[in-house]
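Trainee: pasting the sequence and the predicted model now:
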Amino acid sequence: KQTKKAKTKNITSMLTEDRVFQPPKDFAKTAHIKSMAQYKKMYAESIKSPDKFWGKLAKEELQWIKPWTKTLQWKAPNAKWFVGGQINVSANCLDRFLDTPTANKAALIWEGELAEDGKPGEERVYTYKQLHREVCKFANVLKNIGIKKGDRVVIYLPMIPEAAVAMLGCARIGAVHSVVFGGFSAQSVADRAKDSQAKLLITSDGGYRRGKVVALKKGADEALEIKDTDGSRVAKSIEKMIVVNRTGQDVPMKKGRDVWYHEEMAKASSKCPPAKIGSEDPLFILYTSGSTGKPKGVLHSTAGYLLGAKMTSKYIFDLHETDVFWCTADIGWVTGHSYVVYGPLANGATSVMFEGAPNYPEPDRFWRIVEKYGVTVLYTAPTAIRTFMKWGVEWVKKHDLSSLRLLGSVGEPINPEAWMWYYQNIGGKRCPIVDTWWQTETGAIMISPLPAVTPMKPGSATLPFFGILPEVVDEAGKAVPKNSGGKLVVRKPWPSMLRGIWGDPKRFQDTYWAEVPGSYFTGDGCRTDKQGYFWIMGRIDDVLNVAGHRIGTAEVESALVSHPSVAEAAVVGRNDPVKGQALVAFITVKSSVTASPELRQILRNHVGKEIGPVAKPDDIRFAEALPKTRSGKIMRRLLKQVASGEDISGDITTLEDRNVL
Ligand code: WT7
């Protein structure tokens with residue numbers, strides 16, 4: 001017992017800010033970026049002359065249909081990169097490899113949740129040539145049903161190869177995809193379809209989750225029937241539905257509206273030249289939560305996004321021909337867009353896609369997959385790592401993980417204990433860890449170590465990527481001294497930055513560019529240390545990070561008050577050892593209603609139905625009243641303290657009624 005105690009103490013003392021882990025020596029031999037001096041030189045160039053820096057990479061790394069005339073046109077908040085150029089994202093991910101040896105290597109390795117015989121291990125491998133063929137066919141399917149360049153397409157699918165095919169098929173003809181995470185509700189699908197005025201919905205009959213067949217088309221059908229306030233259907237812009245047959249369950253097909261993916265594919269030609277897409281034409285919209293109102297449609301455009309996804313994948317994950325890269329994110333999130341699909345494929349790498357859950361059939365599923373395919377680079381989230389810690393290292397030890405050479409982390413600050421566990425038990429102390437900070441809005445990684453170069457400090461995302469100029473600032477927007485906290489902003493435009501919020505330029509301006517005029521406001525708190533390393537402190541707006549999922553408190557509140565028994569609701573976060581943050585809802589019920597444990601369950605399910613299971617509050621507390629200021633503003637600060645079981649501290653003089661505490 002005593003040794004154990006001593007050991008823990010030892011680890012904790014190792015985890016101070018000054019504990020530095022050097023990148024492994026042999027890593028630099030083959031790495032794309034080999035030395036700190038090289039990083040510093042390139043970084044300085046990228047900040048001094050971004051036009052020159054990105055222009056050179058865009059020319060060397062991307063294949064253009066028509067060259068651009070102006071590298072950057074910048075008038076805050078609007079950036080235009082590679083103005084006048086034409087390019088096709090799917091051609092850069094597929095066609096460009098067709099007359100190289102890469103053509104016949106695996107582009108996508110897919111592991112399904114279960115095999116035909118019920119055992120884990122169903123797999124499908126697509127070479128670049130095969131994936132190209134599927135994407136061309138699907139692009140023709142889109143054309144055949146009337147989808148044109150610029151039309152929006154909602155993709156609501158499980159983690160199956162058809163999801164990647166659908167995304168790349170849209171990109172091929174210039175249709176704008178909007179992927180909706182399969183765990184989101186029918187209501188969410190309807191809202192997103194309406195906001196983007198999408199014409200087509202791509203879904204599947206269902207999927208598998210922990211060995212069980214689950215429905216998906218049912219939700220899609222429901223989404224298309226939900227009524228708006230004016231009595232019309234919310235998602236009335238949707239004209240067609242393409243349905244992938246994943247599970248074989250019986251689903252109704254609506255005549256004239258629904259078609260089967262496999263039937264349309266069988267009819268489609270496999271010849272489809274890539275469309276000429278303008279650099280700044282939209283590639284996708286991805287909805288993400290903000291501090292107010294409904295999720296916003298983050299808009300990404302074509303050339304800059306592709307370059308950002310490609311270069312970050314290449315340099316940060318150090319991708320080579322021989323790598324098997326596994327990013328465990330769902331394609332419903334931006335991480336899945338940039339690092340399951342576009343980034344790895346643009347580099348000619350092999351990308352692993354997994355349909356299932358990490359503990360099905362047993363808690364070693366991830367390690368089974370790493371061993372089975374010889375995964376070399378693994379990219380996952382701190383919440384997953386903490387879950388594996390909880391399940392115990394025995395599950396890891398059953399498998400040979402010696403193929404791994406590099407590990408990544410994303411989604412939230414990684415606590416040093418989880419970092420150490422990941423480093424020792426998964427990486428066998430030989431793999432560098434890249435802790436990558438970025439956002440849906442940034443399109444690609446912004447702050448991260450370079451694996452052969454940057455000394456690592458557990459808990460810090462370390463230094464900015466090329467072209468990124470982050471700064472920690474105070475209320476007045478002025479840089480704060482080292483070691484003091486402040487708001488994280490980005491001072492310069494970068495190629496993969498968002499181009500707007502779909503249909504709402506004012507919200508774009510107000511959310512990101514008004515807080516610190518002329519700079520991009522991230523919504524995160526941060527500090528830098530004496531070496532200039534960035535330490536992200538988490539969101540400082542009313543956005544929570546629950547198990548790596550971004551959830552707006554306002555969204556959950558409006559879902560709660562939409563229930564007939566709720567009068568008022570306030571949602572705050574409290575720390576959670578596994579999920580990072582947990583959702584706590586404070587609720588006052590209408591006078592005719594009695595608060596009860598049953599009501600608690602009803603309300604949780606109601607939120608699940610309105611938004612999706614990820615947004616269900618962990619805790620619901622009924623209160624007589626909510627603490628408010630005299631002007632009627634809910635004092636969230638106090639609720640946060642109550643939610644975490646802390647004593648109330650700080651100024652409460654503005655509180656209208658002290659009794660509510
Ligand atoms: C928010 C963005 C794009 C990654 C997936 C999440 C937090 C993300 C880190 C990190 C500390 C991180 C931030 C950010 N975050 N990565 N390495 N260290 N915090 O994308 O849903 O748009 O959320 O996730 O708070 O603002 P997202």
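Mentor: Happy to help now that I have it.

Trainee: spell out which parts of this structure neighbour the ligand.
Mentor: Taking Cβ under 6 Å from any ligand atom as the measure of proximity, the chain contacts the ligand at 288, 334-335, 410-413, 435-440, 461, 522-524, 536, 538-539, 545, 550. From N, CA and C alone the C-beta is placed, and that goes for glycine too.

Trainee: in strands, which of those residues fall?
Mentor: Judged by DSSP state E, these include 288, 410, 435-436, 522-524, 536, 538-539, 545, 550 as members of strands.

Trainee: need the max-distance pair from those residues.
Mentor: Within these, Thr288 and Asp435 form the most distant pair, 20.8 Å apart (Cβ to Cβ).

Trainee: just confirm Lys149 is within a helix.
Mentor: No. According to DSSP: H, G, I helix; E, B strand; the rest coil, the state of Lys149 is coil, so it is not within a helix.

Trainee: the worst-scoring helix or strand of the chain on mean pLDDT: what's the following helix or strand?
Mentor: Ranked by mean pLDDT, DSSP states H and E, the helix or strand of the chain with the weakest confidence is helix 2-14, at a mean of 49. Downstream of helix 2-14, the next assigned helix or strand under DSSP states H and E is helix 27-30.

Trainee: in the helix or strand following that following helix, what's buried?
Mentor: Toward the C-terminus, helix 27-30 is succeeded by helix 36-48 as the next helix or strand (DSSP H and E). Going by neighbour count (16 or more other Cβ atoms under 10 Å), the buried part of helix 36-48 is 36, 38-39, 42-43, 46-47.

Trainee: tell me the first helix or strand C-terminal of the helix or strand hosting Val259.
Mentor: In this assignment (DSSP H and E), Val259 forms part of strand 258-260. Per DSSP H and E, the first helix or strand lying C-terminal to strand 258-260 is helix 261-267.

Trainee: where does this structure dip in pLDDT?
Mentor: Within the chain, the segments meeting pLDDT under 70 span 1-18, 115-118.

Trainee: longest helix in it, please.
Mentor: helix 128-144 (DSSP state H).

Trainee: show me where the stretch 51-200 of the chain has helices.
Mentor: Assigned by DSSP state H, counting those that start in this stretch, the helices in the stretch 51-200 of the chain fall at 89-93, 128-144, 161-173, 186-196.

Trainee: now those helices in TSV, with mean neighbour count?
Mentor: Formatted as TSV, the helices of the stretch 51-200 of the chain follow (neighbours: other Cβ atoms under 10 Å):
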stretch	mean neighbour count
helix 89-93	26
helix 128-144	22
helix 161-173	27
helix 186-196	24
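
Trainee: how about the strands in the stretch 451-600 of the chain?
Mentor: 470-473, 486-490, 500-501, 520-528, 534-539, 543-546, 549-552, 566-576, 580-589 (DSSP state E, counting those that start in this stretch).

Trainee: export those as JSON lines, with columns for distance to Gly85 and mean neighbour count.
Mentor: What follows is the strands of the stretch 451-600 of the chain, written out as JSON lines (distance: least, Cβ to Cβ, whole Å; neighbours: other Cβ atoms under 10 Å):
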{"stretch": "strand 470-473", "distance to Gly85": "27", "mean neighbour count": "22"}
{"stretch": "strand 486-490", "distance to Gly85": "24", "mean neighbour count": "23"}
{"stretch": "strand 500-501", "distance to Gly85": "19", "mean neighbour count": "23"}
{"stretch": "strand 520-528", "distance to Gly85": "23", "mean neighbour count": "22"}
{"stretch": "strand 534-539", "distance to Gly85": "32", "mean neighbour count": "19"}
{"stretch": "strand 543-546", "distance to Gly85": "35", "mean neighbour count": "22"}
{"stretch": "strand 549-552", "distance to Gly85": "32", "mean neighbour count": "23"}
{"stretch": "strand 566-576", "distance to Gly85": "43", "mean neighbour count": "20"}
{"stretch": "strand 580-589", "distance to Gly85": "40", "mean neighbour count": "23"}
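
Trainee: quick one, which of those strands gets closest to Phe181.
Mentor: Across those (criterion: Cβ to Cβ), the nearest stretch is strand 549-552, sitting at 8.7 Å.

Trainee: contacts for that closest one?
Mentor: Outside strand 549-552, the residues that touch it by Cβ atoms under 8 Å, 6 or more residues apart in numbering are 288-293, 295, 333, 440, 542-545, 583, 614-615.
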